[in-house]
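J.: structure, please.
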Amino acid sequence: MRVLIIGNRGQLGSSVMDVLGRNHGLAILGIDYPDIDISNPDSTELVFGGFDPDYVINCAAYTAVDEAENHEDDALAVNGIGPRLVADECRKAGAWLIHVSTDYVFDGSASTPYAEDAEPSPATAYGRTKLAGERAVQELLPDSHYLVRTAWLYGLEGSNFVKTMLRLEQERDTVSVVTDQIGQPTYALDLAEHMGLLFDKHPPPGTYHGTNSGQVSWYDFAREIFRLAGADPDRVLPTTSAEFVRPAPRPAYSVLGHDRWADAGLPEMRPWLEALEAAFEDGISAG
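T.: Residues are numbered from 1 along each chain as shown. Have a look, this model is predicted:
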């Protein structure tokens with residue numbers, strides 16, 4: 001089986017490369033910008049023609065949430081137009097597509113976990129562009145796609161909240177973190193393992209929520225990061241979103257439900273705290 005991984009140098013893409021690399025029955029090509037520009041049809045067509053994949057995993061995304069508010073066209077090129085071009089090449093090649101999306105397609109006004117079939121209602125430019133990508137994939141590959149929404153992603157590669165807290169723990173006496181945003185920290189390696197299940201087990205096509213189970217506030221998440229780093233969690237101080245106004249509003253509640261995994265006879269991802277502890281064992285605090 002030939003698998004094309006787009007965005008292989010990011011924190012998720014690199015984890016997918018690691019996980020799938022253990023399966024010696026796969027021929028894997030990892031590629032990233034500038035070797036592929038998914039918003040450019042000529043670039044995308046050239047890569048597909050040279051590799052002829054059976055599966056494509058698209059981890060490429062414009063993830064600068066605040067910048068997208070003033071540069072929505074740039075975000076749309078990568079998050080909306082890009083997935084449409086990738087899906088169209090998959091359609092022509094007869095390949096399945098695993099496309100990664102986000103909790104930002106919801107506005108965060110819920111109080112119970114968002115089901116996979118909940119109606120999207122993005123409140124940000126980033127969310128709107130990611131929803132455009134979702135709809136393109138669903139339209140062009142109705143029977144040969146997996147749409148995987150994730151949230152609060154962190155990994156051993158790249159920048160993320162865990163690494164930011166570890167840096168601030170070294171630089172500051174205290175760190176203020178919001179208590180009124182609730183979500184699901186998700187370890188990139190765990191998500192990569194579950195994405196591998198999709199083509200190992202081949203459940204029905206459609207939308208799957210790829211987040212570690214449970215829920216927590218950013219504040220309590222930061223306290224656990226400090227604790228695992230051997231620092232005093234009380235150095236993390238509570239604050240509210242009103243004290244940290246940003247160009248793009250953050251969802252107050254972005255917990256995603258996982259019923260689709262159970263329906264397919266597959267396990268949900270482990271609890272977020274177990275995953276965070278594993279990330280420390282894997283060396284996330286090393287830099």
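J.: contacting residues for the spatially closest residue to Ala262 that is not a sequence neighbour?
T.: Take Ala262 and drop its neighbours on the chain: the residue closest to it by Cβ to Cβ, 6 or more residues apart in numbering is Glu268, 6.9 Å away. Backbone N, C-alpha and C define where each C-beta goes, glycine included. Glu268 makes contact with Ser213, His258, Trp261, Ala262, according to Cβ atoms under 8 Å, 6 or more residues apart in numbering.
J.: now list the buried members of these.
T.: Listed as buried from the contacts of Glu268 are Ser213, His258, Trp261; burial here means 16 or more other Cβ atoms under 10 Å.
J.: and which of these is nearest to Met1?
T.: Trp261 (22.1 Å; Cβ to Cβ).
J.: separation between the residue nearest to the closest one when sequence neighbours are not counted and Asn79?
T.: Spatial nearest neighbour of Trp261, chain neighbours left out: Glu268 (5.0 Å); criterion: Cβ to Cβ, 6+ apart. Distance, Glu268 to Asn79, using Cβ to Cβ, to the nearest Å: 26 Å.
J.: one more: Thr102?
T.: Thr102 is 9 Å from Asn79, where distance means Cβ to Cβ.
J.: who touches both of the two?
T.: Ala61, Tyr126, Lys130.
J.: give me the element the first one is part of.
T.: By that I understand Ala61. Take DSSP states H and E as the rule and Ala61 turns out to sit in neither a helix nor a strand.
J.: the closest residue to it other than its chain neighbours: neighbour count?
T.: Among residues not flanking Ala61 along the chain, Asn79 sits closest, at 5.8 Å (Cβ to Cβ, 6+ apart). Neighbour count of Asn79, defined by other Cβ atoms under 10 Å: 30.
J.: all strands for the stretch 151-287 of the chain, in order.
T.: Ranges of strands in the stretch 151-287 of the chain, per DSSP state E, counting those that start in this stretch, are 153-154, 175-178, 182-183, 186-187, 206-209, 216-217, 236-239.
J.: what's the separation between the residue of the chain most remote from its centre and Ala242?
T.: Centroid-distance maximum for the chain: Asp173 at 31.1 Å, with Cα atoms, centre = their mean. Here Asp173 is placed at a distance of 23 Å from Ala242 (Cβ to Cβ).
J.: can I get stretch 211-228 in PDB, CA atoms only?
T.: Below are the C-alpha coordinates for stretch 211-228, written out as PDB (Å, rounded to 0.1, in the frame of the first residue of the first chain):
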ATOM      1  CA  THR A 211      -9.000  13.800  20.700                       C
ATOM      2  CA  ASN A 212      -7.800  12.300  23.900                       C
ATOM      3  CA  SER A 213     -10.700  11.600  26.200                       C
ATOM      4  CA  GLY A 214     -11.800  13.600  29.200                       C
ATOM      5  CA  GLN A 215     -11.800  17.400  29.500                       C
ATOM      6  CA  VAL A 216      -9.900  20.100  31.300                       C
ATOM      7  CA  SER A 217      -9.400  23.900  31.400                       C
ATOM      8  CA  TRP A 218      -6.200  25.400  30.100                       C
ATOM      9  CA  TYR A 219      -5.500  26.400  33.700                       C
ATOM     10  CA  ASP A 220      -5.700  22.900  35.100                       C
ATOM     11  CA  PHE A 221      -3.800  21.600  32.000                       C
ATOM     12  CA  ALA A 222      -1.000  24.100  32.700                       C
ATOM     13  CA  ARG A 223      -0.900  23.000  36.400                       C
ATOM     14  CA  GLU A 224      -0.400  19.400  35.400                       C
ATOM     15  CA  ILE A 225       2.400  20.400  33.000                       C
ATOM     16  CA  PHE A 226       4.200  22.200  35.900                       C
ATOM     17  CA  ARG A 227       3.700  19.200  38.200                       C
ATOM     18  CA  LEU A 228       5.100  16.800  35.700                       C
END
